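Colleague: Just to be clear, the model below is a prediction. Sequence and coordinates:
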There are 2 protein chains.
Amino acid sequence: MAEAEGWESVTTRRLAERVEYSQPVLYSHFKSKGAIVAAVAIDGFGDMAYELYDARISHESPEESLRAVADAYLRFAGERPALYDAMFVQRIDVSFGSGESPANLQAAFNEFVTVLRPLAGERDLESLAEVIWSSLHGIATLSAGNRLRPELHQVRLDLLIDQVVAGRT
Amino acid sequence: MAEAEGWESVTTRRLAERVEYSQPVLYSHFKSKGAIVAAVAIDGFGDMAYELYDARISHESPEESLRAVADAYLRFAGERPALYDAMFVQRIDVSFGSGESPANLQAAFNEFVTVLRPLAGERDLESLAEVIWSSLHGIATLSAGNRLRPELHQVRLDLLIDQVVAGRT
DNA sequence: GGTCCGAGTCTAGCGCTGCTAGCAAGCCTA
DNA sequence: TAGGCTTGCTAGCAGCGCTAGACTCGGACC
């Protein structure tokens, strides 16, 4: 529903109709609409972690692994924009960057950490993972808003990976 | 108003009250609430272009210039989160990445292009500018949503700049 | 002076939103 | 069989973006 028409047209009334219950029933299962979105998002972290894992292990070379993971990340964001939106753009009540984060989210982040380990050199691994994750997130959101020239998608991705690899000290 | 309480609590009624007119008067000046946000955003592009320019010319060395521009960008996003949100997160009806973009937006983007020119090497300049802009945008939005560890802000920025510089071929 | 027009503004209200109070039916236990 | 808990409902609140239609008032023309 969100993928088809965007989160703003997912109303509690329409959602209730879709699941063939009345509106208040939703509120006995979820505290608010935001909690529903958060539940969807947390589910999404699991999907994402799986796809990143799959991409990572499909290549031997660290650089190719990184390239595949980055590609999988952007493909995930591009193919399921509303889910990605719930996970990373909407203000949901989910802890990030700490031990209290959902396990799925930590798993997804760990794919970045793992794939970057052989490439980090003297750089702080987790910070490096945050940087490349941020970069990919920026590309994903700006692309989703038609703020980047689509035909140069691959050029940008190559530039990003190349400079991560080159930054090894 | 948006900075104090977020855009979602900027309602047309409250806005009308603030400017001491009735609600329909807003709609004789702007087509919709989105158009009001867009007008604010376009104004913001001008501010941002000026601050990036200021940062760029305040250093001689290309690398220091880039560092200053990146820093200014993230400071802008951090200090005026609602304005930044209007400019880059909310879906506003503004053309990006083409000749029809607002002049202020092109000016801001050009600051990246200019500061990167001595550092690009054989890399495509505009694509490189898009990549670093995306990276900064990702850091800005993830930071705003408390999704990055705040104490490592400087570490991430250094990592990003270093790898851009190292990526020169 | 009288009449018209248009600009500018208002009140009132439409259809929608997220959310909740309060009630009714059905099941489990005593 | 009686009471209470669970599960669902209808109805409604306050607020949202937006608009129809009426009112006022200043200037232009006869």
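Modeller: On my side now, so go ahead.
Colleague: where's the spatially most central residue of chain A, which helix or strand?
Modeller: With distances taken as C-alpha atoms, centre = their mean, chain A has A:Y84 as the residue nearest its mean C-alpha position (5.6 Å). Per DSSP states H and E: A:Y84 is located in helix A:81-88.
Colleague: ok, now A:V25?
Modeller: Going by DSSP H and E, A:V25 is in helix A:23-29.
Colleague: hmm, that helix in reach of DNA strand D?
Modeller: Yes - using C-beta under 7 Å from any atom of the strand, a contact is recorded between helix A:23-29 and DNA strand D, made by A:Q23, A:P24, A:V25, A:S28. No exception for glycine: its C-beta is placed from N, CA and C like everyone else's.
Colleague: From the rest of the structure, what touches the very next helix or strand once past that helix?
Modeller: Next helix or strand after helix A:23-29 toward the C-terminus (DSSP H and E): helix A:33-57. Residues from elsewhere that reach helix A:33-57, judged by C-beta atoms under 8 Å, 6 or more residues apart in numbering or on different chains: A:2, A:7, A:12, A:15, A:26, A:30, A:65, A:68-69, A:71-73, A:75-76, A:80, A:83-84, A:86-87, A:90-94, A:102, A:104-105, A:107-108, A:110-112, A:114-115.
Colleague: change it to 7 Å
Modeller: For helix A:33-57, contacts defined as C-beta atoms under 7 Å, 6 or more residues apart in numbering or on different chains pick out A:7, A:12, A:30, A:65, A:68-69, A:71-73, A:76, A:83, A:86-87, A:90, A:92-94, A:102, A:104-105, A:107-108, A:111, A:114-115.
Colleague: So for A:P102, what's the pLDDT?
Modeller: Per-residue confidence (pLDDT) for A:P102: 87.
Colleague: just checking, it touches A:I92?
Modeller: No - with contact defined as C-beta atoms under 7 Å, A:P102 does not reach A:I92; the gap is 10.6 Å.
Colleague: hmm, back to that, just the buried ones from the contacts of helix A:33-57, in ChimeraX syntax?
Modeller: Applying 16 or more other C-beta atoms under 10 Å in any protein chain shown to those leaves a buried subset, and the ChimeraX line that selects it is:
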select /A:7,30,65,68,69,72,73,76,83,86,87,92,94,102,104,105,107,108,111,114,115
